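Participant: my questions concern the predicted model and sequence given below.
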Amino acid sequence: TGVVPFVALLLLQRRPVAGRALLVTGAACPGHGLCRSNVQEQTRRQVALLNATAQDLFSLYLKCQGEPFSSDADKLCNPGGVFFPPFHVNRTSERKDVMVAMYKLFAFLNASLGNITRDQEELNPTAKELLDRLHNTTKTTRGLISNLTCLLCKNYNIFQVDVSYGESTKGKSTFKKKQQGCQVLRKYVQVIGQAARILLPHLSPP
């Protein structure tokens, strides 16, 4: 209870934009009732699941886009030009800084998955396996955001985080929609592995 379902707002972003996500209602974190007892273990499992399935999602995405993406992914899906939140924490960073960086990362990712899923529903409506994986990844990401919200409030009384969201593909060509999707997913494969290596030790039982 107490968590604002702000995820829907993320899906409405149309261009790179910075904002402040209000994680909970009111002017501060609620004193109790926000976290489940197993929230830390659940968060571990969600990060591990996203890390374990990221490469398969990217590979399936490429397969469903057809040529030239399936044969020239290194060039077309190079994520160098795509915006992604900076990720400057490491395993020796303070736990609070790691949690905030993770929140920013997964808030951005959730919005990006919404854009990609919308485009694929339009461009590849019969690609059931891809659409199912996109929906499942989005569901896991939303759950992770909820748990990070809880941990930030409960442990650090943080209830607002400055976040940035990626560029929408609305109005772009079919090629550009496919390309932006593969660039974001390729970057996601790289970043989620790093995120898992950094976050999971911070969530390990003492």
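Facilitator: Noted; the coordinates are in hand. Numbers count the residues shown, from 1 in each chain.

Participant: distance between stretch 157-177 and the chain's centre?
Facilitator: Relative to its parent chain, stretch 157-177 has a centroid offset of 11 Å by C-alpha atoms, centre = their mean, to the nearest Å.

Participant: list the buried residues for it?
Facilitator: 158-159, 161, 163-169, 177 (16 or more other C-beta atoms under 10 Å). Quick note: C-beta positions are derived from backbone N, CA and C, even for glycine.

Participant: just the CA coordinates for that stretch, please, in PDB.
Facilitator: Provided in PDB are the C-alpha atoms of stretch 157-177 (Å, rounded to 0.1, in the frame of the first residue of the first chain):
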ATOM      1  CA  ASN A 157      13.300   7.600   3.500                       C
ATOM      2  CA  ILE A 158      13.800   8.500  -0.100                       C
ATOM      3  CA  PHE A 159      10.400   9.200  -1.800                       C
ATOM      4  CA  GLN A 160      11.400  11.200  -4.900                       C
ATOM      5  CA  VAL A 161      14.000  10.300  -7.500                       C
ATOM      6  CA  ASP A 162      15.200  12.300 -10.500                       C
ATOM      7  CA  VAL A 163      14.700  10.100 -13.600                       C
ATOM      8  CA  SER A 164      15.100  10.300 -17.400                       C
ATOM      9  CA  TYR A 165      13.000   8.600 -20.000                       C
ATOM     10  CA  GLY A 166      14.000   7.600 -23.500                       C
ATOM     11  CA  GLU A 167      12.700   8.900 -26.800                       C
ATOM     12  CA  SER A 168       9.400   7.700 -28.100                       C
ATOM     13  CA  THR A 169       9.200   6.200 -31.600                       C
ATOM     14  CA  LYS A 170       5.700   7.600 -32.400                       C
ATOM     15  CA  GLY A 171       5.700   9.100 -35.900                       C
ATOM     16  CA  LYS A 172       9.000   7.400 -36.900                       C
ATOM     17  CA  SER A 173       9.400   5.100 -39.900                       C
ATOM     18  CA  THR A 174       9.100   1.300 -39.500                       C
ATOM     19  CA  PHE A 175      12.900   1.000 -39.900                       C
ATOM     20  CA  LYS A 176      13.600   3.500 -37.200                       C
ATOM     21  CA  LYS A 177      11.100   1.900 -34.900                       C
END
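
Participant: what sits against His202?
Facilitator: For His202, the contact set (C-beta atoms under 8 Å, 6 or more residues apart in numbering) comprises 95, 98-99.

Participant: just the buried residues of those residues.
Facilitator: Applying 16+ other C-beta under 10 Å to the contacts of His202 flags 98-99 as buried.

Participant: in terms of helices and strands, where is the spatially most central residue of the chain?
Facilitator: The centroid of the chain falls nearest to Leu109 when counting by C-alpha atoms, centre = their mean (2.5 Å). Element membership for Leu109 (DSSP states H and E) is helix 95-123.

Participant: and for Val163?
Facilitator: Judged by DSSP H and E, Val163 forms part of strand 160-165.
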